[in-house]
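**Student:** curious how this folds, go ahead:
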Amino acid sequence: MTPRPFRDVGRYFGRPGRSLTRRLVWLASAWIVVALLLTGAVLTSQFQESGLRRLGGVLNTTIDNLIVATTATENTVVTPQILDQRTLNEFSGKYWVVGEPRDDGSLRVLTRSTSLWDADMPAPDSLIERLEAGFGDSISYNAVGPVGEPLRIAATMKRLPGRSTPVVFIAAIDRSNIDADTRQFAAFTWAALGLLGAGLVLAVFIQVRIGLRPLYDLRTEIADVRKGRATRIERAYPIEIAPLAEQMNKLLAHNQETVERQRTHVGNLAHALKNPLSVLLAEAGGRSDPLSDVVRRQSEAMRSQVEHHLRRARAAARAGISGERTPVGEVIDEMAVMLERVFQSKGVEIDWRAPDELAFRGERQDLQELLGNLMENACKWSKGRVRVSAGATGLGQMVVVVEDDGPGLPEDQREAALARGARMDEATPGTGLGLSIVEELTRAYQGRFSLAASEMGGLKAVLELPSAEL
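**Tutor:** Numbers count the residues shown, from 1 in each chain. Have a look, this model is predicted:
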């Protein structure tokens, strides 16, 4: 049989995803409960045994008195009744019997205490056999008395002077008090152990919480980095988890370096492609023959495509990087001021609202790209009024809604409008990449982008993006 890997042992201490605090507390609590249960059982048992030993001493003293007081011949055995006042009272709870073994292994009673009256002393079937095997020693056992009381019984077998047949001496005493004391002790012990157990479990929980506090602090710092509140892990941690914090900082630095390197490559590529395309456009622009027109149109399309894919590559590289935080209100205000100037001849007014504390978890350039395309598109198609509203939706998300009072877009054309290069009106200037760029940038940030009808009569663009918490 192939041995199981040692790591599989971890499955017995909790499934993946469970709380480490809960796992440690449950494990410690289980050991505490087992230890307290064993302690309670042992203490109760020892207390009961101590009480029974005290009764055994009383019974052995009674048997010794019986042996001393008994006179015997070959035919008779005489034991006086006045040995203990309780043995004179009927069914008082203290009894004694003097007898001899029969040939069949049973006990023949020769004399008994007055308290026993005419009842038999309870005895196991193997009593004579056990007494003969341990001749002269005392044996003890529990039984039920003549009136149903619990008894502790001691018995021994001796040879008396003047008689060859051994004599059996049996003494019994009511053990109700011992049982009651044992129950009282057990109740007190279990209550005390229960309180002790609860206190120990609470102490373990507090100890685990304090012991794992550095892990919680590390989790908080990592969350701050992810939400843009910090750029690296700053706190000093215990030697057990300090390497983890150090590796996290190295990973963050490496990611940032990788992104910066990719940005440089993208910029170099953009610059390398821009110059040849500019030359082609300049050469084709100075001529009016069909070939020049084809070169000009294709060069413009190539430049648009290059800008589109470079923009998409930059967004994909930046979206996965933590630590970026961009105020939404500032970007909307910038876009509104600029677009109102651009569309001044049309008399466009942009009404916008956004909480001061609302921030986008991403780069400013990307948010400008997203809002610039949507707001420019709204201004282009509006009759003069554009409304922009932004707010947090909870769970680390925010929403930006851009509306206009233009002609809008039929529902069956909204999905097609998101296709790259799609233009709903060929007479309107543009490349048809605006909404496509918005959708791809939004997807890069794991957000959502949709179009709907606006209450203002035009188109409503809804943008859901990750938000940076305070």
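**Student:** ok, now how distant is Thr264 from Leu371?
**Tutor:** Note on Thr264: its distance to Leu371, by Cβ to Cβ, to the nearest Å, is 26 Å. (Glycine included, C-beta is placed from N, CA and C.)
**Student:** ok, Val98 next?
**Tutor:** 111 Å.
**Student:** could you confirm Arg163 falls within a helix?
**Tutor:** No - the assignment for Arg163 (DSSP: H, G, I helix; E, B strand; the rest coil) gives coil, which keeps it out of a helix.
**Student:** so what does the nearest residue to it once chain neighbours are set aside have for phi and psi?
**Tutor:** Nearest in space to Arg163, with sequence neighbours left out and distances taken as Cβ to Cβ, 6 or more residues apart in numbering, is Ala72 at 4.1 Å. Dihedral pair for Ala72: phi -140, psi 150, per degrees, to the nearest 10.
**Student:** Val388 now?
**Tutor:** phi -130, psi 130.
**Student:** that one: neighbour count?
**Tutor:** By the criterion of other Cβ atoms under 10 Å, Val388 has 24 neighbours.
**Student:** the strands in the chain, which residues?
**Tutor:** All strands of the chain, identified by DSSP state E, fall at 71-72, 77-78, 94-101, 107-112, 139-144, 150-158, 167-174, 326-327, 349-353, 359-360, 385-394, 397-404, 448-453, 459-466.
**Student:** save those strands as TSV, and put in mean pLDDT too.
**Tutor:** Listed next are those as TSV, based on pLDDT from 0 to 100:
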stretch	mean pLDDT
strand 71-72	90
strand 77-78	89
strand 94-101	93
strand 107-112	90
strand 139-144	94
strand 150-158	94
strand 167-174	94
strand 326-327	90
strand 349-353	94
strand 359-360	91
strand 385-394	92
strand 397-404	94
strand 448-453	90
strand 459-466	92
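**Student:** in JSON lines: those strands, plus distance to Phe343.
**Tutor:** Below are the strands of the chain laid out as JSON lines (distance: least, Cβ to Cβ, whole Å):
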{"stretch": "strand 71-72", "distance to Phe343": "133"}
{"stretch": "strand 77-78", "distance to Phe343": "131"}
{"stretch": "strand 94-101", "distance to Phe343": "115"}
{"stretch": "strand 107-112", "distance to Phe343": "121"}
{"stretch": "strand 139-144", "distance to Phe343": "104"}
{"stretch": "strand 150-158", "distance to Phe343": "103"}
{"stretch": "strand 167-174", "distance to Phe343": "108"}
{"stretch": "strand 326-327", "distance to Phe343": "24"}
{"stretch": "strand 349-353", "distance to Phe343": "9"}
{"stretch": "strand 359-360", "distance to Phe343": "25"}
{"stretch": "strand 385-394", "distance to Phe343": "9"}
{"stretch": "strand 397-404", "distance to Phe343": "11"}
{"stretch": "strand 448-453", "distance to Phe343": "21"}
{"stretch": "strand 459-466", "distance to Phe343": "16"}
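**Student:** tell me which of the ones you listed lies nearest to Leu218.
**Tutor:** strand 459-466 (22.2 Å; Cβ to Cβ).
**Student:** show me what that closest one is packed up against.
**Tutor:** Judged by 3 or more Cβ pairs under 8 Å, 6 or more residues apart in numbering; DSSP states H and E, strand 459-466 is in contact with helix 364-381, strand 397-404, helix 434-444, strand 448-453.
**Student:** would you mark the buried spots in stretch 383-396?
**Tutor:** Under the neighbour-count criterion of 16 or more other Cβ atoms under 10 Å, stretch 383-396 has Arg385, Val386, Arg387, Val388, Ala390, Ala392 buried.
**Student:** ok, stretch 278-294 next?
**Tutor:** Leu280, Leu281, Ala284.
**Student:** residues in contact with it?
**Tutor:** Val295, Arg296, Ser299, Glu300, Arg303 (Cβ atoms under 8 Å, 6 or more residues apart in numbering).
**Student:** quick check: closest non-adjacent residue to the fourth one.
**Tutor:** This means Glu300. Leu281 (6.9 Å).
**Student:** now do the same end-to-end measure for stretch 376-385.
**Tutor:** End-to-end distance for stretch 376-385, by Cα to Cα, to the nearest Å: 12 Å.
**Student:** what about it, distance to the chain center?
**Tutor:** 52 Å (Cα atoms, centre = their mean, to the nearest Å).
**Student:** buried ones in that stretch?
**Tutor:** Across stretch 376-385, burial judged by 16+ other Cβ under 10 Å covers Glu376, Asn377, Ala378, Cys379, Lys380, Trp381, Ser382, Arg385.
**Student:** now stretch 92-102
**Tutor:** Buried residues in stretch 92-102 (16+ other Cβ under 10 Å): Ser92, Gly93, Lys94, Tyr95, Trp96, Val97, Val98, Gly99, Glu100, Pro101.
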